[in-house]
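Undergrad: here is a sequence together with a model predicted from it:
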Amino acid sequence: RLQQEVELARAIQIGTLPDEMPIVPGYEVHGHFQPAEHAGGDLYDLAMLDGRLFMLIGDATGHGFGPALSATQMQAMLRIAFRCGADLDEAYRHVNNQLNEDLPDNRFITAFMGFLDPATHQLRFHSGGQGPILHWHASTQAPSWHVPTTFPFGVMDVEAAGPAGVLELASGDILALISDGVYEYANALDDELFGDARVAQVLSRYQTLPLPELTAMLLEAVAEFGAGAPQRDDITLVLLRRKK
């Protein structure tokens with residue numbers, strides 16, 4: 001019976017993920033979720049809303065069923081906020097303040113949320129403690145890294161969202177939203193972390209592959225680096241590439 005309940009909880013969480021990748025004019029997008037346990041504290045969402053791509057990746061503190069509930073709660077709040085007509089700033093403020101009221105004092109959620117306009121190729125976002133955000137520039141064959149724009153969701157009430165981050169994607173550019181389950185994957189031999197430099201190396205080497213294959217190559221590189229170390233944290237990736 002316990003096993004049945006565990007499997008049901010996992011099925012419910014997986015059911016909150018996109019059934020299929022949205023069609024974004026001029027772009028390729030892919031998401032991947034790999035929990036460390038039966039359920040995880042990570043989440044992602046991808047959806048076209050009023051002609052723009054909504055992108056979300058989050059990480060509730062810890063992993064297992066408790067954080068999974070927190071992550072699902074935040075995702076549901078954001079969907080309702082946008083259905084009710086809230087813009088990005090309003091959604092951040094309302095959801096943050098509600099989570100601050102609902103979550104225990106030792107719980108919070110790091111999250112990146114943003115809207116991409118495929119017509120202007122501009123992405124406007126709030127990154128609440130989620131980072132680093134990797135923007136791979138095809139023209140220079142080099143990455144730029146974006147640090148969080150504000151503190152995690154649910155830490156304290158805010159009266160305003162604060163300034164949003166803005167970036168523009170050029171032809172061939174890749175935006176990589178990656179949870180710390182990748183960056184902080186530890187090697188079994190010396191406990192060294194995978195780190196952001198190795199992530200950039202994988203993107204540099206395999207940047208022309210379709211995004212599902214690029215994701216697979218990154219996960220393979222992480223597993224090889226781990227040298228048999230168990231996965232201690234949830235792994236979530238959202239990759240976006242502007243087509244040439």
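TA: Alright, I've got the coordinates.

Undergrad: quick one: contacts for the closest residue to Gln231 other than its chain neighbours?
TA: In space, and not counting its chain neighbours, Gln231 is closest to Ala36: 5.0 Å by C-beta to C-beta, 6 or more residues apart in numbering. Glycine gets a C-beta too; all of them are placed from N, C-alpha and C. Ala36 is in contact with 63, 181, 231-235, counting by C-beta atoms under 8 Å, 6 or more residues apart in numbering.

Undergrad: which of the residues you listed are buried?
TA: 63, 181, 231, 233-235 (16 or more other C-beta atoms under 10 Å).

Undergrad: now render the residues you listed as a markdown table, adding distance to Asp19.
TA: Listed next are these as a markdown table, based on distance: C-beta to C-beta, whole Å:
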| residue | distance to Asp19 |
| --- | --- |
| His63 | 24 |
| Gly181 | 23 |
| Gln231 | 25 |
| Asp233 | 25 |
| Asp234 | 20 |
| Ile235 | 20 |
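
Undergrad: nearest to Arg93, of the residues you listed?
TA: Asp234 (26.4 Å; C-beta to C-beta).

Undergrad: circling back: just the ones in strands from the buried ones among the contacts of Ala36, please.
TA: Counted as lying in strands by DSSP state E, out of the buried ones among the contacts of Ala36, are Ile235.

Undergrad: with pLDDT added, can I get the buried ones among the contacts of Ala36 in a markdown table?
TA: A markdown table is the format used below for those (pLDDT from 0 to 100):
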| residue | pLDDT |
| --- | --- |
| His63 | 54 |
| Gly181 | 90 |
| Gln231 | 87 |
| Asp233 | 84 |
| Asp234 | 84 |
| Ile235 | 91 |
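
Undergrad: so which residues of the protein form strands?
TA: So, for the chain - with DSSP E - the strands run 27-34, 42-49, 52-60, 109-117, 122-128, 133-137, 142-146, 165-168, 174-178, 235-242.

Undergrad: list the helices and strands the last one packs on?
TA: Identification of packing neighbours for strand 235-242 by 3 or more C-beta pairs under 8 Å, 6 or more residues apart in numbering; DSSP states H and E yields strand 27-34, strand 42-49, strand 52-60, strand 174-178, helix 180-183, helix 211-226.

Undergrad: Gly162 is nearest to which of the ones you listed?
TA: Here strand 52-60 is closest among the helices and strands packed on strand 235-242 (C-beta to C-beta), at 18.0 Å.

Undergrad: just the CA trace of that closest one, in PDB.
TA: Only the C-alpha atoms of strand 52-60 are listed here, as PDB (Å, rounded to 0.1, in the frame of the first residue of the first chain):
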ATOM      1  CA  ARG A  52       5.000  34.500 -25.600                       C
ATOM      2  CA  LEU A  53       6.900  31.600 -24.100                       C
ATOM      3  CA  PHE A  54       6.600  31.300 -20.300                       C
ATOM      4  CA  MET A  55       9.600  29.600 -18.800                       C
ATOM      5  CA  LEU A  56       9.900  28.400 -15.200                       C
ATOM      6  CA  ILE A  57      12.400  26.300 -13.300                       C
ATOM      7  CA  GLY A  58      12.400  26.000  -9.500                       C
ATOM      8  CA  ASP A  59      14.000  24.200  -6.600                       C
ATOM      9  CA  ALA A  60      12.400  23.800  -3.200                       C
END
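
Undergrad: now do it and strand 174-178, the angle between them.
TA: 30 degrees (axes from the mean of the first three to the mean of the last three C-alpha atoms, to 10 degrees).

Undergrad: quick one: low-confidence residue ranges for this structure.
TA: Within the chain, the stretches with pLDDT under 70 are 1-16, 37-40, 62-68.
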